[in-house]
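[1] Here is a sequence with its predicted model. Questions after.
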Amino acid sequence: YRLWLVLLILLAVPFLPVGAFDLAAKAQPAPANTTAQQPTLTKPVPSVKKVNDFAVSVSRRTPSVIQVPFLALWFAGMFVMGVLIFRSWNWLHAVKKSALPLQSAQVKAIFKECQLELGIQKNIPAFSTAFLKSPMIAGFLRPGIYLPIHLISDFHPEELRFMLLHELQHYRHKDMLIGYWMTLTGIVYWFHPLVGYALKEMRCEREIACDCAVLQILEESDYQAYGHTLINFAEKISRFSFPFAAEIGGSTSQIKRRIL
């Protein structure tokens, strides 16, 4: 899962300001040999000069008549993606606004035990809502865990502990911040099917990473019970996943990979 961050960094490189590379080059220390007999030190490196010449030649050969339609199409795609993301964010905001502070003393006690078990000192609020089918954590600066009401009413202590441990692992791994980065990458590279596939794989491996972190805490005798918890949520898949949240659920194929 962490290795996918290398791809996100590479995809962000084309949008870095060109001046940043010039500043980095100027920041390099001067050579120790300052003899005046070597005027070639002031000349640009041949490889760098070739790259610059190539960039200039490409920009001259590509007519603006071709650039403008593709640029307009790219911006139009980003606008559509932004509208879809905004709709998802608006739905998530409505879910958070309708949620109520957790009232069950039993569930709050399990939640507190899970925080102590993971060594989390920050007070993370927990809420209940009728608009979710699986637990999720949302928010980066002010994170909160949201539990479906049916989980609280059914109250299976073991399942509830597993799910809370999973969501708290998302908090420990700072997955909310990475989720924002992934969403922005998806908007900018909406046209690239391989980038979309990579982001899908990254989300799946994010859940697998949290599953592995939970299994390191549990006893080996609890492994099957944790797997059954995931299977139970295969029937409670949300209509769509929120771009700014992390849920224990997922598609059937993802849950199968996680079970394996």
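    Structure received.
[2] So the spatially most central residue of the chain versus Gly119, what's the distance?
    The chain has Gly179 as the residue nearest its centroid, 2.3 Å off, counting by Cα atoms, centre = their mean. Distance, Gly179 to Gly119, by Cβ to Cβ, to the nearest Å: 23 Å. All C-beta atoms are positioned from the backbone trio N, CA, C, and that covers glycine.
[3] ditto for Cys204
    Taken as Cβ to Cβ, the span from Cys204 to Gly119 is 27 Å.
[4] So between these two, which is more surrounded?
    Shown here are Cys204 and Gly119; by other Cβ atoms under 10 Å, Cys204 has more neighbours (18 against 7).
[5] Isn't that one up against Arg257?
    Yes. Under the contact definition of Cβ atoms under 8 Å, Cys204 touches Arg257, with a separation of 6.4 Å.
[6] hey, what's in contact with both of the two?
    By Cβ atoms under 8 Å, 6 or more residues apart in numbering, Cys204 and Arg257 have no common neighbours.
[7] got the residue ranges for the helices in this structure?
    Counting by DSSP state H, the chain has helices at residues 4-12, 18-26, 46-61, 64-98, 105-118, 149-154, 157-172, 175-188, 193-217, 223-233, 252-259.
[8] which stretch in the ones you listed has the least confidence?
    Across the helices of the chain, helix 46-61 has the smallest mean pLDDT, namely a mean of 54.
[9] wait, what's in contact with the nearest residue in space to Leu230 that is not next to it in sequence?
    Distances taken as Cβ to Cβ, 6 or more residues apart in numbering place Ile255 nearest to Leu230, at 5.4 Å, with adjacent residues excluded. Ile255 makes contacts with 230-231, 233-234, 249, as judged by Cβ under 8 Å, 6+ apart.
[10] who does Ile128 bridge with?
    Ile isn't right for residue 128; it's Ser. Residues in a beta bridge with Ser128, per DSSP bridges, are Leu100, Leu147.
[11] hmm, back to that, would you tell me which one of the contacts of Ile255 comes nearest to Ile187?
    Nearest to Ile187, judged by Cβ to Cβ, of those is Gly249 at 23.8 Å.
[12] Leu194: neighbour count?
    Neighbours of Leu194 (other Cβ under 10 Å): 9.
[13] Over to Val195?
    Residues within reach of Val195, counting by other Cβ under 10 Å, total 17.
[14] Great, nothing more from me.
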